[in-house]
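# Compute the structure for the input listed below.
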Amino acid sequence: MSDRDVDSDSDAPEEFTTEQGMQKDEELRKVERENKARVVREGKERRRQWAQKLTPRSLPKEKSTKDEAETETREEYQENKGMLPDDIVNFLATREKKVFTSDSEDEEADKKPASRKKRPRKSGEPVILKDLPPAQCVQNSLDFLQKRKMQVSRSSAVLNNSNQALRFLSTSGLLK
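From the prediction side, this is the model:
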């Protein structure tokens with residue numbers, strides 16, 4: 001309690017010498033660098049863990065089955081003497097079928113825009129804008145402006161007799 005009473009200037013900013021200020025600045029920059037490095041490290045760790053979750057983990061039993069499959073393919077290769085194994089041939093054949101079907105689909109897609117012919121628009125005769133009467137909104141706005149002009153009499157008087165209005169203002173002392 002007594003510390004609070006003695007330190008009544010607690011709201012005032014702290015005062016430092018230049019050396020103390022430089023030390024504080026160094027400490028703050030060091031903390032900022034550490035925080036940035038920590039954030040980068042944590043981000044990398046999080047991405048690594050996420051990637052581990054997504055990738056399937058292979059079991060030791062699967063490795064042995066892979067080894068057996070490899071030995072079988074080697075045996076088939078030796079039997080065929082230079083020919084590819086049947087499963088690889090089948091895989092390549094299906095792959096080529098997919099490629100050829102996608103090529104034909106592209107050709108069909110290209111044909112569709114070419115088959116369309118531009119049709120001339122039958123919009124009728126050309127329109128001359130001078131011959132058209134003004135729109136109703138233009139007439140309404142002109143009517144409004146005329147009514148407004150009639151209501152404010154001074155503005156029309158000043159506009160009609162600008163020289164007289166200028167003399168009136170200069171003689172009354174409003175304009176110097």
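
# Just give the number of residues close to residue 85.
16 (other Cβ atoms under 10 Å). For glycine as for every other residue, the C-beta is placed from the backbone atoms N, C-alpha and C.

# mind checking the longest helix of this structure?
helix 18-54 (DSSP state H).

# That one - what's its average pLDDT?
Across helix 18-54, the average pLDDT comes to 93.

# Stretch 85-92 too?
For stretch 85-92, the per-residue pLDDT averages 84.

# Need the CA coordinates for that stretch. PDB is fine.
Extracted in PDB, the C-alpha atoms of stretch 85-92 (Å, rounded to 0.1, in the frame of the first residue of the first chain):
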ATOM      1  CA  PRO A  85       5.400 -57.900 -68.100                       C
ATOM      2  CA  ASP A  86       1.700 -58.200 -68.800                       C
ATOM      3  CA  ASP A  87       0.500 -55.900 -66.000                       C
ATOM      4  CA  ILE A  88       2.700 -53.100 -67.300                       C
ATOM      5  CA  VAL A  89       1.500 -53.600 -70.800                       C
ATOM      6  CA  ASN A  90      -2.100 -53.600 -69.700                       C
ATOM      7  CA  PHE A  91      -1.400 -50.400 -67.600                       C
ATOM      8  CA  LEU A  92       0.100 -48.600 -70.600                       C
END
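
# Now it: buried residues?
Residues residue 85 are the ones in stretch 85-92 that count as buried (16 or more other Cβ atoms under 10 Å).

# Can you classify residue 126 as helix, strand or coil?
In three-state terms, and counting by DSSP: H, G, I helix; E, B strand; the rest coil, residue 126 is coil.

# meant to ask about residue 123, not that
coil.

# State the number of residues packed around it.
Other residues close to residue 123 by other Cβ under 10 Å number 7.

# and the gap between it and residue 129?
According to Cβ to Cβ, to the nearest Å, residue 123 stands 15 Å off from residue 129.

# Check residue 29 too.
Taken as Cβ to Cβ, the span from residue 29 to residue 129 is 69 Å.
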